[in-house]
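Participant: model the following, please.
(one chain, ligands or ions: 2)
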Amino acid sequence: MIDETTSAEPKLRVAGIVKRFGAVTALEGVDLAVAENEFVSIVGASGCGKSTLLSLIAGLEPPTAGTLEVDGRAITGPGRDRGVVFQHATLMPWLSVQRNVEFALRGEAGLTRAERAERAREFLSLVGLAGFEEAFPAQLSGGMQQRVALARSLSYGPDILLMDEPFGALDALTRRTMQELLLEVWERHRLTVLLVTHDIGEAVVTSDRVVVMSPRPGRVQRIVDVPIPRPRTLASERTAEFQGLEDGILDLIHGAA
Ligand SMILES: Nc1ncnc2c1ncn2[C@@H]1O[C@H](COP(=O)(O)OP(=O)(O)OP(=O)(O)O)[C@@H](O)[C@H]1O
Ligand SMILES: [Mg+2]
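Facilitator: Residues are numbered from 1 along each chain as shown. Ligands and ions are numbered 1, 2, ... in the order given. The predicted structure follows:
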């Protein structure tokens, strides 16, 4: 938890956020502070405003009321300090894997074409796609496409990675591999991660804290700390502590707690 009195400024601060779409109030008074290098998941019933919250943080749309800050500076639109990965990889089908990542780097001042190509290769290799640079998205599995999307978002060096059910469309085995990859990348690059997921086990195994949102209008219902030591393995998921956290979060979502 962030101690407001003693800790340094949070990486990300969301305060008093209200978001209305016409007559629908999607978010009503959301407060959240995320520390640098923290891994936080957001869970809650369908329609409780998880994607809305993420898109406000991504700067894709403005809040109706409230403030959003990265490093104490107001978020006014999308920025390279934040990378976004959605449920379905939004790759450009007519470009090779390599070109898809290079395209994301086109705005990087001071990078030559050769440096862009090198950077793209480096991040594709990081996500295990060395050798697939010249493939087209349609030739890749869903998990591989999500790896490209992850490489693309990481390639320009964001501090914060925002992910909206990035593994939701993947089978259980691939999802697990992707979770491990994400944790590896998070540790190596010292990212701050905000992960929206429907998979409570995924939230517990990856996160330092799990934000449980209440049904619409969305509010932060509870923030659950996950004190399980890292690295977390299959064995840690079989412990009573893990199961207890998972059950507690499910009860909160289903209104039983
Ligand atoms: N662009 C929009 N225009 C109108 N209403 C919207 C828009 N985006 C979201 N909403 C509404 O805001 C509420 C929250 O939607 P949101 O997509 O954030 O929920 P969610 O928690 O991500 O749900 P899910 O788990 O199903 O993805 C819903 O009632 C939705 O209909
Ligand atoms: Mg959503």
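Participant: what's the local residue count around the residue nearest to Glu9 when sequence neighbours are not counted?
Facilitator: Closest residue in space to Glu9, ignoring its immediate chain neighbours: Gly72 at 5.3 Å, by Cβ to Cβ, 6 or more residues apart in numbering. For glycine as for every other residue, the C-beta is placed from the backbone atoms N, C-alpha and C. Counted with other Cβ atoms under 10 Å, the neighbours of Gly72 add up to 9.
Participant: tell me the pLDDT at Gly72?
Facilitator: We have a pLDDT of 96 for Gly72.
Participant: so how far is Ile160 from it?
Facilitator: 14 Å (Cβ to Cβ, to the nearest Å).
Participant: same check on Gly201?
Facilitator: From Gly201 to Ile160 the distance is 24 Å (Cβ to Cβ).
Participant: more neighbours: those two, which one.
Facilitator: Ile160 (22 against 17).
Participant: check contacts around that one.
Facilitator: 11-12, 57, 70, 81-83, 191-194 (Cβ atoms under 8 Å, 6 or more residues apart in numbering).
Participant: same check on Glu69?
Facilitator: Taking Cβ under 8 Å, 6+ apart as the test, what Glu69 contacts is 12-15, 75.
Participant: double-check the residue nearest to Glu9 against Lys11; I have them as touching.
Facilitator: No. Assessed by Cβ atoms under 8 Å, Gly72 is found out of contact with Lys11, at 9.7 Å.
Participant: in the stretch 101-250 of the chain, what residue lies closest to ligand 1?
Facilitator: Arg216 (5.6 Å; Cβ to the nearest ligand atom).
Participant: residue contacts, that residue?
Facilitator: 24-26, 47-49.
Participant: can we see that at 7 Å?
Facilitator: Listed by Cβ atoms under 7 Å, 6 or more residues apart in numbering, the contact set of Arg216 reads 26, 47-49.
Participant: same question, Glu237
Facilitator: 201, 205.
Participant: cool, and Leu245?
Facilitator: Each residue near Leu245 by Cβ under 7 Å, 6+ apart is listed here: 204, 224, 226.
Participant: look up phi and psi at the first one.
Facilitator: The reference is to Val204. phi -70, psi -40 (degrees, to the nearest 10).
Participant: quick revisit: backbone dihedrals for the residue of the stretch 101-250 of the chain closest to ligand 1, please?
Facilitator: Per degrees, to the nearest 10, the backbone of Arg216 is at phi -50, psi 140.
Participant: residues of the stretch 101-250 of the chain that sit close to ligand 1?
Facilitator: Residues of the stretch 101-250 of the chain lying near ligand 1 by Cβ under 6 Å from any ligand atom: Arg216.
Participant: ok, and the most crowded of the contacts of Ile160?
Facilitator: Counting by other Cβ under 10 Å, top hit in these: Leu194 with 29 neighbours.
Participant: my guess is that one is in a strand, correct?
Facilitator: Yes. Leu194 forms part of a strand when assessed by DSSP: H, G, I helix; E, B strand; the rest coil.
Participant: what is it paired to in the beta sheet?
Facilitator: In this entry, Leu194 is beta-bridged to Val40, Leu162, by DSSP bridges.
Participant: no more questions from me, cheers.
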